[in-house]
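Engineer: Generate a structure from the sequence data that follows.
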Amino acid sequence: MPPRITPLTDPETTASSRRQAWLASDAEGAPVGSAFLRLFTEEGQEHRAELEIAVHPAERCKGVGGALLDAAVSAARSDGRRSLVSRVTAGSPGDGFLAARGFHPVLALTFARLPLPEADLPSVTRIAESPHPGYELTHWDGVVPPGLAHTYADSRRAMDDMPMEDSDHGIDVWDVERVVAVAEIVLERGDALHTVAVVDRSDGSVVGFSELVVPGDGRGDAQHYGTGVLPEHRGHGLGLWMKAESIRRTRLRYPELAGLLTDTADSNAPMIGINDTLGYRPTHRELEYRLDL
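Structural biologist: Predicted coordinates:
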């Protein structure tokens, strides 16, 4: 008997997206799988939808995943979306599931971790304290200071040409209101947001940034949210400089923090080189698949 697919009400609406959800159940009404479809609403992202499907291992190969996928694809098409993307761990059952249903791989990501207690703090400190003529480092906790807000928002375009292979990611449009809102979301859920930035001494503008989100209790692993340098300021080692300073500050401020997590597109050789230099170790790979609608 095919699974029963029930639409659910999902309250998780954010400033940049909304979600639809479905529950799959068997003939006795027991839950056997679920699907979440995230519909992006920010300018430059309205063409995209992101899918997450989970099926109980004992219920796989019984049509559950296919039925959930059909519901999500239909909803994405009805909403006028151009592409549907989904990320899976390389080599996992989800990898084969998507490949067999018309999705094609568009992005490979390597996830890496820096074990903080083992970090070479003297080496990291030397990098962080090395001079970069014409530039200086600054940092802040939480929301960006008003005096840097406009140029910080402008510097977010450093991510526009980040190697994303064929993922059809679109362009993120950032302004002061959005960077403040994102920071406030992190703070409201109880985490800490720390930003290290590079300032151009000639005009005081932010030309690069590196963000790190630390769990509220200062334990476990922290997550890098983004590191970028404006194209016209690349080639000076600013990315390595910022990330080293972020590690140095975090190591001293959070002695119980276990590690730092990051993920990088396999095609982003400069950032992979930075992570290797600083001691990050690969943990696993994920693949992003896309279905053209």
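Engineer: Give me the phi and psi for the closest residue to Tyr254 other than its chain neighbours.
Structural biologist: Nearest in space to Tyr254, with sequence neighbours left out and distances taken as CB to CB, 6 or more residues apart in numbering, is Gly218 at 4.6 Å. Just so you know, the C-beta spots here come from the backbone N, C-alpha and C atoms, and that holds for glycine as well. Here is the backbone geometry of Gly218 (degrees, to the nearest 10): phi 70, psi 20.
Engineer: Contacts only, for Gly218.
Structural biologist: Gly218 makes contact with Ala192, Tyr254, Glu256, Leu257, according to CB atoms under 8 Å, 6 or more residues apart in numbering.
Engineer: which of these are buried?
Structural biologist: Ala192, Tyr254, Leu257 (16 or more other CB atoms under 10 Å).
Engineer: How much space separates the last one from Val213?
Structural biologist: This points to Leu257. 12 Å (CB to CB, to the nearest Å).
Engineer: Quick check: neighbours shared by those two?
Structural biologist: The contact sets of Leu257 and Val213 overlap at Ala222 (CB under 8 Å, 6+ apart).
Engineer: which one of the buried ones among the contacts of Gly218 is nearest Pro57?
Structural biologist: Ranked by distance to Pro57 (CB to CB), these are led by Leu257 at 33.1 Å.
Engineer: How about the contacts made by the residue nearest to that closest one when sequence neighbours are not counted?
Structural biologist: Spatial nearest neighbour of Leu257, excluding adjacent residues (CB to CB, 6+ apart): Leu116 at 5.5 Å. Contacts for Leu116 (CB under 8 Å, 6+ apart) come out as Ile247, Thr250, Arg251, Tyr254, Leu257, Ala258, Gly259, Leu260.
Engineer: any idea which of those is closest to Thr41?
Structural biologist: Closest to Thr41 out of the contacts of Leu116 is Leu260 (30.6 Å), distances taken as CB to CB.
Engineer: which strands and helices sit next to the host helix or strand of the closest one?
Structural biologist: Here Leu260 sits within strand 257-265, counting by DSSP states H and E. Helices and strands touching strand 257-265, by 3 or more CB pairs under 8 Å, 6 or more residues apart in numbering; DSSP states H and E, are strand 104-115, strand 220-229, helix 238-253, helix 269-278.
Engineer: can you rerun that using 6 Å?
Structural biologist: Counting contacts by 3 or more CB pairs under 6 Å, 6 or more residues apart in numbering; DSSP states H and E, strand 257-265 is packed against strand 104-115, strand 220-229.
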